[in-house]
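Compute the structure for the input listed below.
(2 chains)
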Amino acid sequence: MPEDLDPVIHAPARLRVVASLAALGRGDEVAFPKLRKLLDMTAGNLSTHLRKLEDAGYVRVTKTHEGRTPATYLALTETGRTAFADYQAALMELLNGAQS
Amino acid sequence: MTMATDPTRRPEPAEGPGTFAEPGHPADGAGLDPAETLRLIRQQQEAARDATEPDGRLLFGAWGLAWVIGYLAMWTTARETGSPAPWAGWVFACCIAGATTFTIVHSITRTAGTRGTSARVGALYGWTWFLAFTALGVVLGAMGNAGASPEVMAIAANGFACVIVGLMYIAGGLLFEENRMALVGGWMLVAAVLAAFAGMPTTYLVMAVAGGGGFLVMVAVEQVLRARRRSEGGVRRA
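Numbers count the residues shown, from 1 in each chain, chains lettered A, B, ... in the order given. Presented below is the predicted three-dimensional model:
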């Protein structure tokens, strides 16, 4: 059922963010510049999407310092992993429904 | 309009539930059907892994070439004169140093900008390689001082090196949940036994073919698995 697709994840840009973070191991984080480069998004655009994902409880944002340079690390929360798994399951269901 | 902070709350119509290009809902996932969306996820995850994890094909390839070239140089010259020529020893040393440098640079480049469990485990794993071979070098030195013959030294050096590689690959397979890596480790232990009983200078040939060849076979295996993953319709390792 299309109504079951999570709107927070379903937007293409956020889907790419979530898919990338889900590819990291549990307990791993990626630095903001590295994620930005991987997704080829502008910093502002990525920040906006990350805020929406953070508000939904899907992404954990950790601000820290490396020496004197501020650094931001991103990771998917357990809620985010579950939501992404559910989203993919819903997609598979749609796909199988369309084929049968 | 505020974004829903409670995931269970029904979203506002404008940010409405995800649909696939239905009339009135052009914004979300427009033009993408479920199959395309799944493909997008798979591609993105592949790209993310490429950006954050070392490429097994490159690492296996570097070590395969180093072992094949290095040990073949040792074998061909030892076959003629009974012991490897000094230049062959240098070729071997340069091959190992080159593969080591490549592994370190490639791994650090790929994992830069990530932190957490994998980074900690990876660093510890890398240092363990270094410590194991340093310890091996010291033990071999002590054996030489104690009067071990060149033949005993050659068997010990090759055999113990193979055992370390085998155990480290099995450990890596367990740590990174890569069964293929553990399989290579098991094969390296077999190669250690074969090389030890082959007798000089055939030991070097066994190291080149079974050891180096084993790594190169893994390059092909990794390539096939990667191509298969690309062409698959579903999503793996989600």
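
what about residue 88, neighbour count?
You didn't say which chain, so I picked chain A. A:Q88 has 20 neighbouring residues, counting by other Cβ atoms under 10 Å in any protein chain shown. Every residue, glycine included, has its C-beta placed from N, CA and C.

um, chain B though
20.

just the one 5 residues further on next, same as before
When neighbours are counted by other Cβ under 10 Å, B:A93 registers 11.

And for B:W127?
10.

That one sits in which helix or strand?
In this assignment (DSSP states H and E), B:W127 forms part of helix B:117-145.

One more: A:L74?
Using DSSP H and E, the element containing A:L74 is strand A:69-76.

Any buried residues in that strand, and which?
Burial within strand A:69-76, assessed by neighbour count using 16 or more other Cβ atoms under 10 Å in any protein chain shown, is assigned to A:72-76.

again, but for stretch B:179-198
B:181-185, B:187-189, B:191-192, B:194-196, B:198.

Assign the residue nearest to the spatial centre of chain A to helix, strand or coil.
Nearest to the geometric centre of chain A sits A:V18, at 2.1 Å (Cα atoms, centre = their mean). Of the three states, A:V18 takes helix under DSSP: H, G, I helix; E, B strand; the rest coil.

contacting residues around it?
By Cβ atoms under 8 Å, 6 or more residues apart in numbering or on different chains, the contact set of A:V18 is A:9, A:53, A:58-59, A:76, A:80, A:83-84, A:87.

Identify each buried residue in the helix or strand that comes right after the helix holding B:W127, please.
Using DSSP H and E, the next helix or strand after helix B:117-145 towards the C-terminus is helix B:150-175. Neighbour-count burial for helix B:150-175, counted by 16+ other Cβ under 10 Å, picks out B:154-173.

For chain A, just list every one of the strands.
A:28-31, A:59-66, A:69-76 (DSSP state E).

Please identify which of the ones you listed is closest to chain B.
strand A:28-31 (3.8 Å; Cβ to the nearest Cβ).

Where does the prediction get shaky in chain A?
Along chain A, segments meeting pLDDT under 70 span A:1-3, A:98-100.

Now do the helices in chain A.
Under the criterion DSSP state H, chain A carries helices at the ranges A:7-10, A:12-22, A:32-39, A:43-55, A:78-99.

could you dump the buried residues of stretch B:179-198 to JSON lines with secondary structure?
Converted to JSON lines, those look like this (three-state DSSP):
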{"residue": "B:M181", "secondary structure": "helix"}
{"residue": "B:A182", "secondary structure": "helix"}
{"residue": "B:L183", "secondary structure": "helix"}
{"residue": "B:V184", "secondary structure": "helix"}
{"residue": "B:G185", "secondary structure": "helix"}
{"residue": "B:W187", "secondary structure": "helix"}
{"residue": "B:M188", "secondary structure": "helix"}
{"residue": "B:L189", "secondary structure": "helix"}
{"residue": "B:A191", "secondary structure": "helix"}
{"residue": "B:A192", "secondary structure": "helix"}
{"residue": "B:L194", "secondary structure": "helix"}
{"residue": "B:A195", "secondary structure": "helix"}
{"residue": "B:A196", "secondary structure": "helix"}
{"residue": "B:A198", "secondary structure": "helix"}
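
Sweet, I'm off.
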